[in-house]
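> Fold the following.
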Amino acid sequence: MASAPDITGRWADVSSPNEAEELFLSSRSTDLEWHGFSPFRRLDGSVVVWNEVWRPLFQAIPDLRRRPYIQLAGDFEGGRWVAATGDLEGTFDQPWLGVSGNGATVRFRFGEFNRLVDDQVVETRCLVDLPSLFAQVGRPVVPDYPGRTSTVPAPSTGDGVDPDGRSESDSATTLALVEEMIFGGLNKFDGDQASQGLNRFWSPDLIWYGPVGVGTAVGMDEFLTNAQGPIVGAIPDRKGVGHQARIAEGCYAASTGWPSLMGTHLHRFLDWPPTGEQTGWNIMDFWRRDGEHLVENWVLIDLIDAAAQAGVDLLARARGVDESSGIEQRN
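Got it, this is the predicted structure:
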């Protein structure tokens, strides 16, 4: 199965920010529609995106490298998509988003979906794990959480960016399993986690890699208790909705929604107070299938945006600003 061209821009292969800029702009439409992580959210035009998002990040992390460990392509509702996830890493020297660097190496996750027309990116969905970055420079923005805090690895099989051997039949099998897991499993939640019947879709040895604020879960018990538990506890009527893309290639699949989860925020999540109102979370999922079951799941959530819907300003925390007074707090 032929994969789409690598237009996501492997910054691991560039030698300077100028080269990264040339790669970015040459592979994207000048009319690029960009949907990203808070505080940027929606931007229009490739030059605008570069100047507002990536140029300042390169100024803060001059040796920024992009290390994708999963990449796949597929069609969804008439559009051709390429999705990737992995790490951004480099030396955080200068401030970014009002948060000071510490001169040390940082490593934080990204996820990106790009829709192509004639091999040019015309639409992007992009998330990064900002709470992870902030924690690494001594500005944690979330309290302790039950999930494991281990570093998120690449796929255990080491083939996440290798399209060789990804057959159409494998792709169809993977996509069917993921869709049945979402719509015939997760969305069947009725207040009792057993109602989802997730053992039909997941290996008992599953590993779920969540963002900082949720953490990693190993095995079904940890997933139900430490990963899914806090979310459905806070948003008991949550449903998976709003997918802009849902694709599979070989034994890998990916989806993203804007939002991907919707429901009523009825109980506390982390230290966010319940609002009693509808909330929508922008999420990306990347899965690996082995045989008849899903075995690994990499998840990104825009927790900055989700917290803002609960009246909690995580960026202010990262900047050392008292949320109630707006006054910067000195360490």
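
> distance of Phe92 from Phe108?
Separation of Phe92 from Phe108 (C-beta to C-beta, to the nearest Å) stands at 10 Å. (Glycine included, C-beta is placed from N, CA and C.)

> Which of the two has more residues huddled nearby?
Between Phe92 and Phe108, Phe92 has the larger neighbour count (other C-beta atoms under 10 Å), namely 24 against 20.

> Share the number of residues neighbouring Arg107, please.
Residues within reach of Arg107, counting by other C-beta under 10 Å, total 16.

> ok so, going back, overlap in contacts of Phe92 and Phe108?
Leu133, Gln136 (C-beta atoms under 8 Å, 6 or more residues apart in numbering).

> pLDDT below threshold where in the stretch 201-331 of the chain?
322-331 (pLDDT under 70).

> where do the helices sit along it?
Secondary structure of the stretch 201-331 of the chain (DSSP state H, counting those that start in this stretch): helices at 220-222, 229-234, 303-309, 314-318.

> could you dump those helices to a markdown table with mean neighbour count?
A markdown table is the format used below for these (neighbours: other C-beta atoms under 10 Å):
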| stretch | mean neighbour count |
| --- | --- |
| helix 220-222 | 16 |
| helix 229-234 | 18 |
| helix 303-309 | 22 |
| helix 314-318 | 21 |
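
> Turn these into CSV, columns for distance to Glu21.
As requested, the helices of the stretch 201-331 of the chain are exported to CSV (distance: least, C-beta to C-beta, whole Å):
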stretch, distance to Glu21
helix 220-222, 42
helix 229-234, 38
helix 303-309, 25
helix 314-318, 26
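
> To Leu43, which of these lies closest?
In terms of C-beta to C-beta, the element of the helices of the stretch 201-331 of the chain nearest to Leu43 is helix 303-309, at 14.7 Å.

> Residues contacting the closest one, please?
Here helix 303-309 makes contact (C-beta under 8 Å, 6+ apart) with 37-39, 41, 130-131, 142, 211-213, 265, 270, 272, 275, 277, 279-282, 313-315.

> Okay, Arg238 and Gln278: tell me how far apart.
10 Å.

> Once you drop chain neighbours, what's closest to Arg109?
For Arg109, ignoring the flanking residues on the chain, the nearest one in space by C-beta to C-beta, 6 or more residues apart in numbering is Asp129 at 4.4 Å.

> Wait, that neighbour touches Val106, no?
No: the pair Asp129 / Val106 is not scored as a contact, 10.9 Å apart, by C-beta atoms under 8 Å.

> From the rest of the structure, what touches the top helix by length along the chain?
In the chain, with assignment by DSSP state H, the single longest helix is helix 168-183. Under the criterion C-beta under 8 Å, 6+ apart, residues 1, 74, 198, 200-202, 240, 246-253, 255, 287, 289, 292-294 lie in contact with helix 168-183.

> Please narrow these to those residing in strands.
74, 202, 240, 246-249, 252-253, 255, 287, 289, 293-294 (DSSP state E).

> ok, of those residues, which one's closest to Ala84?
Tyr252 (10.7 Å).

> Fine by me, we can end here.
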